[in-house]
Structures are given as structure tokens and as C-alpha cells.
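Undergrad: Here is a sequence together with a model predicted from it:
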Amino acid sequence: MSSWQYVIGLILALTALAAALATPFFLAHARTERDHGPDCWWCHPHFPHRPNKR
């Protein structure tokens, strides 16, 4: 097995592990009764704005 295959496999395994660990938190957050509103960074992520190129 080449080193690139090892690195790619390791990255995929870590990504799958992170997704499996984060899923219960996403589900618990989405099923809460109260409204989170627009300030909830998890429900409404705020991406950095790019400057207008005019």
C-alpha cells in the first residue's frame, strides 16, 4: 500500500468517525422545542462576506 492510499484512507476514516460522533448532537439540537432564532450559529451559519468586485 502506498503512502498516498494510507493518507487518503486515514482522512476518510477520521471523517466518518467525526460524522458518526456529531450526528446525535445534530439530531438533538434539531428536535428541541424552542425556536433558536437567527442567532443560532448551528441552524443559521454565517459565512464571511466577500467584498463586492465592482
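TA: Sure, I can see it. Given the structure is predicted, the values throughout are model-derived calculations rather than measurements. Residues are numbered from 1 along each chain as shown.

Undergrad: What segments of this structure are helices?
TA: 3-30 (DSSP state H).

Undergrad: show me where pLDDT drops low in it?
TA: 53-54 (pLDDT under 70).

Undergrad: and residue 8, how many neighbours does it have?
TA: Using other CB atoms under 10 Å, residue 8 has 11 neighbouring residues. Backbone N, C-alpha and C define where each C-beta goes, glycine included.

Undergrad: any idea how far residue 49 is from it?
TA: To residue 49, residue 8 is 33 Å away according to CB to CB, to the nearest Å.

Undergrad: Ok, residue 14 next?
TA: Taking CB to CB, one finds residue 14 at 31 Å from residue 49.

Undergrad: more crowded one of the two?
TA: residue 14 (10 against 6).

Undergrad: and that one, how far is that from residue 7?
TA: 11 Å.

Undergrad: Chain neighbours aside, what residue packs nearest to residue 43?
TA: residue 36 (5.0 Å; CB to CB, 6 or more residues apart in numbering).

Undergrad: Could you measure from the one you found over to residue 20?
TA: Relative to residue 20, and taking CB to CB, residue 36 is found at 24 Å.

Undergrad: who's more crowded, these two?
TA: Set residue 36 next to residue 20 and count neighbours by other CB under 10 Å: residue 36 wins out with 13 against 9.
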